[in-house]
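Visitor: What follows is a predicted protein model with its sequence.
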Amino acid sequence: MTSYLIKGVSVVGGAPTDLLIADGVIAEGGRADETIDAAGLVALPGLVDLHTHLREPGREDAETVETGSRAAALGGYTAVCAMANTSPVADTAGVVEQVWRLGREAGLVDVQPIGAVTVGLAGRQLAELGAMATSAAKVRIFSDDGFCVADPRLMRRALEYVKAFDGIIAQHAEEPRLTEGAQMHEGEVSTRLGLTGWPAVAEEAIIARDVLLAEHVGSRLHVCHVSTAGSVEVLRQAKARGVRVTAEVTPHHLLLTDELAASYDPVYKVNPPLRTAADVQALRQALADGVIDIVATDHAPHAVEDKECEWAYARPGMVGLETALPVVLSVLGEQWELIAERMSRAPARIAGLAGHGTDLTAGTPANLTLVDPSARRVVDPGELASRSRNTPYAGTTLPGRIVATFLRGEPTVLDGKAVK
């Protein structure tokens, strides 16, 4: 294994120092085979994404585990959690093991499958939670993302079941009876455009219900892609009571607003929808003060025919792995400790991913990324490693460039390019 001396790097924004990578870990001293001049660069623990759609099996025209893993590595990630809404659905030990093995074969990031809560994501019968938990993939997070576990009795049973092995139910918070036919956030813009609105309360009501269920059961709940100021307040109160709840926000909900829907460009159609500027501000504050625990991409690649069509027929979702850190930098600025906590340490803790999200000190696994904060990048969809091109940032100049990513001491990205 090649050893690397990363010279003059700022570790999580600290004073310049040298990092030696040898035998897959951060080493205390010794000689290196290669030297990387890292003056002006920042080293972060490898980023961890708790919410990625890799589409394989079933929709390899939109993404594969390999192409999604490459996009993740180029975005500074060393681990991603793959959502269950594949075809077939990842609701059995066999399917989650398939995704896990594909991730190992790609070898670019650690791919941790998320299992479905219900069979076929249909919301009627619990999936094989125990079998997935004891499979080779060792699933610990379960989600019907794309759909809400709307039945409160079923949600309670799921929370009770996973409590036995300290598992997590990750909820897509959307009361379906309040969002039927909805096309965008319900508000002034939807009224002006004549599009059916998606009320904030549809999200907030489910979160309120589920934190009460999690509190009653004493189990772990994770709330996916929080998007409203009201949701933030429900979470704030729940955490103050000691409820075992964590929450995520996406980069696009930290930056973009519902005003973009006025273009009728389906690239801005996403679930949950883009909200108001006031919601965006509330989400930023919640991320800063810890009410929202992590940033998760909700990377949602789509084939051209599913996105480049009329707004009403377009599939919701945006790709985000390669632009997540630059977007967060544009929102938070160079708050490196906060970024490391929200994009690496906390998601690794929540998912139980040993070896990820660790401080870059001697003896720890060399899972890290090097960032050039002075660089500026104009997003070109044609240059994305993802198989899909549905980015809302096309033509946008974003700060920061991923220079290198290391997974257990092996480079997956060097000089901004994928190694394999």
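Guide: Done, it's in.
Visitor: In a helix, Glu248, correct?
Guide: No: assignment of Glu248 by DSSP: H, G, I helix; E, B strand; the rest coil gives strand, placing it outside any helix.
Visitor: If Leu398 is in a bridge, with which residues?
Guide: Legend: beta-bridge partners of Leu398 under DSSP bridges are Arg377.
Visitor: what's the spacing between it and Leu287?
Guide: 18 Å (CB to CB, to the nearest Å). C-beta here means a position set from N, CA and C on the backbone, and glycine is covered the same way.
Visitor: These two: which has the busier surroundings?
Guide: Legend: neighbour count by other CB atoms under 10 Å for Leu398 and Leu287, higher for Leu287 (24 against 19).
Visitor: so what's that one scoring on pLDDT?
Guide: If you check Leu287, the pLDDT there is 98.
Visitor: which element follows whichever strand or helix holds it toward the C-terminus?
Guide: Under the criterion DSSP states H and E, the helix or strand holding Leu287 is helix 277-289. On the C-terminal side of helix 277-289, the closest following helix or strand by DSSP H and E is strand 294-295.
Visitor: just to revisit the earlier point, in the helix holding Leu287, what's buried?
Guide: 279-280, 282-284, 286-287 (16 or more other CB atoms under 10 Å).
Visitor: can I get those in TSV with distance to Arg70?
Guide: Putting the buried residues of helix 277-289 into TSV (distance: CB to CB, whole Å) gives the following:
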residue	distance to Arg70
Asp279	33
Val280	30
Ala282	34
Leu283	29
Arg284	30
Ala286	32
Leu287	27
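Visitor: residue ranges of the helices in the stretch 1-150 of the chain, please?
Guide: Residue ranges of the helices in the stretch 1-150 of the chain, as given by DSSP state H, counting those that start in this stretch, are 65-74, 93-106, 129-133.
Visitor: The stretch 301-420 of the chain now?
Guide: Under DSSP H, counting those that start in this stretch, the stretch 301-420 of the chain gives helices at 304-307, 324-332, 336-340, 346-351.
Visitor: Could you tell me how far the third one lies from the centre of the chain?
Guide: Read that as helix 336-340. 16 Å (CA atoms, centre = their mean, to the nearest Å).
Visitor: How about residues contacting that helix?
Guide: Applying CB atoms under 8 Å, 6 or more residues apart in numbering, the contact partners of helix 336-340 are 10, 12-13, 42, 44-45, 288, 325, 328-329, 332.
Visitor: swap in the first one?
Guide: Helix 304-307 is touched from outside by 62, 266-267, 314-315, 388-390, with contacts defined as CB under 8 Å, 6+ apart.
Visitor: Drop anything exposed from these.
Guide: 62, 266-267, 314-315, 388-390.
Visitor: Near the residue lying closest to Glu186 once chain neighbours are set aside, how many other residues are there?
Guide: Nearest non-adjacent residue to Glu186, counting by CB to CB, 6 or more residues apart in numbering: Gly197, 2.5 Å away. By other CB under 10 Å, 22 other residues sit near Gly197.
Visitor: Ok, the one 10 residues further on next?
Guide: The local packing of Ile207 (other CB under 10 Å) involves 24 other residues.
Visitor: can I assume it sits in a helix?
Guide: Yes: counting by three-state DSSP, Ile207 is located in a helix.
Visitor: Return the residues in contact with it.
Guide: Counting by CB under 8 Å, 6+ apart, Ile207 has contacts 171, 173, 223, 226, 231, 234-235.
Visitor: helices or strands up against the helix holding Leu287?
Guide: helix 229-240, strand 245-249, helix 251-255, helix 324-332 (3 or more CB pairs under 8 Å, 6 or more residues apart in numbering; DSSP states H and E).
Visitor: Which residues are in contact with Lys420?
Guide: Contacts of Lys420 (CB under 8 Å, 6+ apart): 107-108, 412.
Visitor: By neighbours, which of the residues you listed wins?
Guide: Result: Leu108 is most packed of those (other CB under 10 Å), 29 neighbours.
Visitor: my guess is it meets Arg70, correct?
Guide: Yes: using CB atoms under 8 Å, Leu108 makes contact with Arg70 at a distance of 5.6 Å.
Visitor: Need the helices of the stretch 301-420 of the chain in a markdown table (columns: mean neighbour count, distance to Phe147 and mean pLDDT).
Guide: Converted to a markdown table, these look like this (neighbours: other CB atoms under 10 Å; distance: least, CB to CB, whole Å; pLDDT from 0 to 100):
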| stretch | mean neighbour count | distance to Phe147 | mean pLDDT |
| --- | --- | --- | --- |
| helix 304-307 | 16 | 17 | 96 |
| helix 324-332 | 22 | 24 | 98 |
| helix 336-340 | 19 | 31 | 98 |
| helix 346-351 | 23 | 21 | 98 |
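Visitor: got a list of contacts for the helix holding Leu287?
Guide: Outside helix 277-289, the residues touching it (CB under 8 Å, 6+ apart) are 200, 226-229, 232, 235-236, 249, 253-257, 259, 292, 295, 331-332, 338, 342.
Visitor: Need the buried ones from those selected in PyMOL.
Guide: For the buried members of those, the matching PyMOL selection, counting by 16+ other CB under 10 Å, is:
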select buried, resi 200+226+227+228+229+232+235+249+253+254+255+256+257+292+295+331+332+338+342
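Visitor: what sits against Glu56?
Guide: Per CB under 8 Å, 6+ apart, neighbours of Glu56: 63-65, 68, 86, 99, 102.
Visitor: Dihedrals phi and psi, it?
Guide: Glu56 adopts backbone torsions of phi -100, psi 130, taken as degrees, to the nearest 10.
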